[in-house]
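1. using only what follows, build the 3D model:
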Amino acid sequence: MAKSPIIVKIETFRHGEYPRLVFVKIHTDDGLYGIGETPGSPEPVHAFIHADAAEYLLGKDASQLDWHWSNLAKMAGGMRSRGAEMRALSAIDIALWDLFGKRMGQPTYNMLGGLSRDKIKVYATCVGYPFYMNHSDGRRPGSAEYVPEGPYDDAHTSMVDPVGLAESLYSDGYRAMKIWPFSQFAEKTNGQFISAGDIEKGTEPFRLIHEAMGDQMEVAVEMTQSWNLPSAIKIAQAVTPYKPIWFEDAVQMDNFDALAQFRRATNIPTIASEGVSTRWSFREMFVSQATDICMFDLGWVGGISEAKRVSTMAESFGIPIAPHDCVGPVAFMAGVHLSLNAPNAFIQEAVRSYNASWYKDVVTALPKIENGFASVSDAPGLGLDFTDKFLNSDQLTVRVSEL
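-> Model prediction:
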């Protein structure tokens, strides 16, 4: 029997330009390493990794992915955890899968069970350049004082020139896109009511794109969990004539009965949810018949391991998956590997502005997006590493735990 690869060092990275991302690097005694990533408030993630997780993982066999996931999930507060501990576990799990593929000399999609397709359709989420759209000066995309920050400031363009945005995406090969023009109105009433005027304004981008492009460009409605049930239904009724791909996260994800009520109120598919973690919560969603399409983010659903389990469970309910990415490059790469493997994957989220800019500053490789489809190389593991620019930056902070 071959010698087991022992985990000897765990590093986490925080970069000043991307302060809400935590990057992880896990080393074994044979000189190999894997990388992972998760978003959100960073300090509790760092703390869990370098205290509880490091104490457990250091000295352990790196290839025991399922066993480590189970034990770390218990340490993270239980199998339904959605907090910093589950985000930390997600990053660790992604890194362990990357490491596993490198050791076996196989791409991650092969380690998951092989290709179900050699490319996956992508849709463009229309986000701008600042990570998570954090404008410290209070400027908002679509406002009069906002100045676009680059050629793909798609959040801003979606509000001021939706047809131009759709045509630009179409020329880049995309045939599907996602926008959220209603979310700008939610804070007026804390999502408890939306006026007829705001419904008309929010519906206008969908009407204009549909009138200009017909069925050439599919448009998804992101509702950002911002609305109560009656308001979400009113929005859905207004947009339905323009044949959106889906209504996403129409209500808060703490009540699947309400989500099921929303689903029954529309003949457009309901998709949920990037706001849900672990298979136990998704099982409740599926049993409640609350969604037509399953979406999750590998950066906090529980990593590649849990995303694979949720995908298989969704398949047993006849539900397709559409992995989320509006976060970071490592989780995006992991999502595409899973999308290429999972038989019930039908589309993968991508962010044009991120792929064209800061993702390239962080990692050495990204999925290839061409003619509206994403593919990856056959390099071992996830097939990417941190760039020298990232690792040598004076804005980088590194924390280390060693055996």
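2. break this protein down into its domains, please.
-> The chain breaks down by automatic domain parsing into domains covering 7-106+386-402, 110-375.
3. measure the longest one end to end?
-> Using CA to CA, to the nearest Å, the end-to-end distance of domain 110-375 comes to 14 Å.
4. now the first one
-> Distance between the boundary residues of domain 7-106+386-402 (CA to CA) amounts to 9 Å.
5. can you lay out the domains of the chain as TSV showing mean pLDDT and mean neighbour count?
-> No exception for glycine: its C-beta is placed from N, CA and C like everyone else's. As requested, the domains of the chain are arranged in TSV below (pLDDT from 0 to 100; neighbours: other CB atoms under 10 Å):
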stretch	mean pLDDT	mean neighbour count
domain 7-106+386-402	95	19
domain 110-375	94	20
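6. now the element after the lengthiest strand in the chain, going C-ward?
-> If you go by DSSP state E, the chain has its longest strand at strand 18-28. Per DSSP states H and E, the first helix or strand lying C-terminal to strand 18-28 is strand 33-39.
7. neighbouring strands for that following strand, and are they parallel or not?
-> Here strand 33-39 is paired, per DSSP bridges, with strand 18-28 (antiparallel).
8. could you export the partner strand as PDB, CA atoms only?
-> What follows is strand 18-28, C-alpha atoms only, in PDB (Å, rounded to 0.1, in the frame of the first residue of the first chain):
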ATOM      1  CA  TYR A  18     -10.200  41.500  -2.100                       C
ATOM      2  CA  PRO A  19     -10.700  41.900   1.600                       C
ATOM      3  CA  ARG A  20     -13.900  39.700   1.700                       C
ATOM      4  CA  LEU A  21     -12.200  36.600   0.300                       C
ATOM      5  CA  VAL A  22     -10.200  34.000   2.200                       C
ATOM      6  CA  PHE A  23      -7.800  31.800   0.100                       C
ATOM      7  CA  VAL A  24      -6.500  28.500   1.500                       C
ATOM      8  CA  LYS A  25      -3.400  26.400   0.600                       C
ATOM      9  CA  ILE A  26      -3.000  22.900   2.100                       C
ATOM     10  CA  HIS A  27       0.400  21.200   1.900                       C
ATOM     11  CA  THR A  28       1.300  17.500   2.300                       C
END
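9. show me where the stretch 201-350 of the chain has its helices.
-> 229-239, 256-264, 278-287, 303-316, 329-341 (DSSP state H, counting those that start in this stretch).
10. can you list those helices in a markdown table and add distance to D52?
-> What follows is these, written out as a markdown table (distance: least, CB to CB, whole Å):
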| stretch | distance to D52 |
| --- | --- |
| helix 229-239 | 38 |
| helix 256-264 | 30 |
| helix 278-287 | 18 |
| helix 303-316 | 16 |
| helix 329-341 | 22 |
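11. distance check, the spatially closest residue to V160 that is not a sequence neighbour against A238.
-> Leaving aside its sequence neighbours, V160 sits nearest to G142 (CB to CB, 6 or more residues apart in numbering; 6.1 Å). Going from G142 to A238 by CB to CB, to the nearest Å gives 19 Å.
12. can you check G381 too?
-> Distance, G381 to A238, using CB to CB: 46 Å.
13. with Q252 instead?
-> 20 Å.
14. same question, N341
-> Look at N341 and A238: by CB to CB, they are 38 Å apart.
15. please name the residues that touch K9.
-> Taking CB atoms under 8 Å, 6 or more residues apart in numbering, we find K9 in contact with I26, H27, L58, V400, S401, E402, L403.
16. K60 now?
-> Going by CB under 8 Å, 6+ apart, K60 touches I6, I7, H68.
17. please, which helix or strand holds the last one?
-> What it means is H68. Here H68 sits within helix 65-75, counting by DSSP H and E.
18. which element follows that helix toward the C-terminus?
-> Note on helix 65-75: by DSSP H and E, the next helix or strand toward the C-terminus is helix 84-104.
19. tell me what that next one is packed against?
-> Packing partners of helix 84-104 (3 or more CB pairs under 8 Å, 6 or more residues apart in numbering; DSSP states H and E): strand 18-28, strand 33-39, helix 42-48, helix 65-75, helix 108-111, helix 303-316, helix 329-341.
20. let's have these in a markdown table, adding distance to I293.
-> Formatted as a markdown table, the helices and strands packed on helix 84-104 follow (distance: least, CB to CB, whole Å):
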| stretch | distance to I293 |
| --- | --- |
| strand 18-28 | 26 |
| strand 33-39 | 22 |
| helix 42-48 | 28 |
| helix 65-75 | 25 |
| helix 108-111 | 21 |
| helix 303-316 | 9 |
| helix 329-341 | 13 |
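21. tell me which of those lies nearest to E167.
-> helix 329-341 (24.8 Å; CB to CB).
22. and the angle for that closest one with strand 18-28?
-> If you take axes from the mean of the first three to the mean of the last three CA atoms, to 10 degrees, helix 329-341 sits at 70 degrees to strand 18-28.
23. just the C-alphas of helix 329-341, formatted as CSV.
-> Extracted in CSV, the C-alpha atoms of helix 329-341 (Å, rounded to 0.1, in the frame of the first residue of the first chain):
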residue,chain,number,x,y,z
PRO,A,329,-11.8,32.5,-9.4
VAL,A,330,-11.0,29.3,-7.4
ALA,A,331,-14.7,28.5,-6.6
PHE,A,332,-15.6,29.4,-10.2
MET,A,333,-13.1,26.8,-11.5
ALA,A,334,-14.4,24.2,-9.1
GLY,A,335,-18.0,25.0,-10.2
VAL,A,336,-17.1,24.4,-13.8
HIS,A,337,-15.4,21.1,-13.0
LEU,A,338,-18.6,20.0,-11.2
SER,A,339,-20.8,21.3,-14.0
LEU,A,340,-18.8,19.2,-16.6
ASN,A,341,-19.3,16.1,-14.4
